[in-house]
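Visitor: sequence plus predicted model, see below.
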Amino acid sequence: MRRRNPFLIWTTAAFALALAVRWFLWWHWYRHVPIGEFNDNVYYHESANLLARGHPFVNPFSASQGIYEPTAAHPPGFSIYLSIWSVLGLDSVSWHRIASGLISATVVIPVGLLTRRLADTRTAILAMILAAVYPPLFMNDGLILSESMYIPIAAAALLFAYRFVERPDTRRVVELSIVLSIGALTRSEPFMMFFLLLTPLVMFDRRLDWKKRFALTGIAAGVAMAMLAPWVVRNLTSFEQPTYLAAGPGYVLEIGNCDQTYSGDYLGYWHLACDDGSAWPPGDESTIGKAKFDHAWSYISSHLDEQPKVIAARVGRMFGLFKPIHTVNSDVVFERRVKVFTRIGLFANYVVMAAAVAGAFVLRRRNFTLIPFLAVIATAVITAAMSFGITRYRVGADVAMLVMAVLALGALIDRFSPSPHEQPS
């Protein structure tokens, strides 16, 4: 009889736990919560249903009035995922919330494989269990937001980055490029990881000669272009203004840059008053997005001396280091997060951040590069610095910091109860 794989059993159990947590959140808190009227929840839900009904990537808000115009407010990945459920007839708000929980729960798989690669099986099991129940990794799943899909992608990016570090060859740079491209098609900011993660890993690897470094970088660029081209070309040919991954940056920048977000209670956050109604010219969403970008840039340009303060406040809010209670209360009011989990998540985040610092020392002691973890965290930092400091922009960093924290915890446990250090193939 073939022997059962204990790690596979634990992975299955951790996935079941993660799924139970997320679906219980939906059942107990979100099952009867209305989706809203004009927000990202509605956008993803309705755009997925429109796609399933043969109206690909049209503005769901205008479509409700019978006007089918193209949209690129967000990259297409999460809408495509939800549309698969819609095609199967599972197109209600509840089913899409269930779908969000399912994709989010898969984070335990790359987290387990990554941690086993960096430590051992015992630490990997601990990492999977903690990933299953860590509030910052499941608080978005009742809201129908692309963060649910980005969470496992961030973990996969770390996993495939360390696979490349282990053996820097063509196959593994292609694997990593595919993961990062899927990330960029889910949320815009993972595109930065081509420059913050992949390029440094390749160009700083002394085992490779310079010809090989440039060749692998070129291969990564080719994979990215091949995967992103259909969406980018569609956008360039569909809108009045040049549009690449998304038309939404102008909308985001505008609501984060005004008097209300540069001082007072909302310093570093966003405020509806920033949209004063002046940046709504005739035209499609790319034209409106450009007007909003110009409106935001005009304000930024006239307040350059305040940027250090505002950027620090944004990043501080995201990590719970500046106005943490106001931020989590705003998460409850504006994003409809569950209050008890926002509070638990806030304090759990402090513990994880502190332990992650210790985890960085563990990684260096084991001669692992910190580039992948720092790149994922830096992506979140840059996103908040450029927009505003909300907790869900931190999810990629949450994955990275949790794994680093578990590595520190595993090393501490090993001091009292040694475990064989395994390096899986």
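Guide: Looks like it arrived, so ask away. Residues are numbered from 1 along each chain as shown.
Visitor: middle-most residue in this protein, spatially?
Guide: The centre of the chain sits closest to residue 150, judged by C-alpha atoms, centre = their mean, with a distance of 3.9 Å.
Visitor: mind checking pLDDT for that one?
Guide: Residue 150 is assigned a predicted lDDT (pLDDT) of 98.
Visitor: so what's it up against?
Guide: 183, 186, 187, 190, 395, 396 (C-beta atoms under 8 Å, 6 or more residues apart in numbering). Any C-beta I mention is one placed from the backbone N, CA and C, and that applies to glycine too.
Visitor: which residues sit in contact with the nearest residue to the fifth one once chain neighbours are set aside?
Guide: The reference is to residue 395. Distances taken as C-beta to C-beta, 6 or more residues apart in numbering put residue 147 closest to residue 395, at 4.8 Å, once the chain neighbours are dropped. Contacts for residue 147 were tallied using C-beta under 8 Å, 6+ apart; they are 140, 187, 392, 395.
Visitor: tabulate these (CSV), appending neighbour count.
Guide: Output for the contacts of residue 147, formatted as CSV (neighbours: other C-beta atoms under 10 Å):
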residue, neighbour count
140, 25
187, 26
392, 19
395, 25
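Visitor: those in helices, which ones?
Guide: Of the contacts of residue 147, the ones assigned to helices by DSSP state H are residue 395.
Visitor: can I get the contacts of residue 147 in CSV with pLDDT?
Guide: Formatted as CSV, the contacts of residue 147 follow (pLDDT from 0 to 100):
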residue, pLDDT
140, 89
187, 95
392, 93
395, 96
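Visitor: now, which of the contacts of residue 147 sits nearest residue 272?
Guide: For these, the minimum distance to residue 272 (C-beta to C-beta) is 18.0 Å, reached by residue 392.
Visitor: that closest one against residue 141, yeah?
Guide: No: using C-beta atoms under 8 Å, residue 392 is not in contact with residue 141; the gap is 11.0 Å.
Visitor: where along this protein do the strands fall?
Guide: Along the chain, no segments are classed as strands by DSSP state E.
Visitor: just to revisit the earlier point, quick check: the residue nearest to the centre of the chain vs residue 407, distance?
Guide: Distance of residue 150 to residue 407, given as C-beta to C-beta, to the nearest Å: 22 Å.
Visitor: residue 230 too?
Guide: Using C-beta to C-beta, residue 230 is found at 38 Å from residue 407.
Visitor: which one's more surrounded, those two?
Guide: Using other C-beta atoms under 10 Å as the criterion, residue 230 and residue 407 rank with residue 407 on top: 28 against 11.
Visitor: so what's the residue count around the nearest residue to that one once chain neighbours are set aside?
Guide: Setting aside the residues directly before and after it, residue 407 is nearest to residue 359 in space (C-beta to C-beta, 6+ apart), at 4.3 Å. For residue 359, the count of nearby residues is 27 (other C-beta under 10 Å).
Visitor: pretty sure residue 359 sits against residue 412.
Guide: No: with contact defined as C-beta under 8 Å, residue 359 does not reach residue 412; the gap is 10.4 Å.
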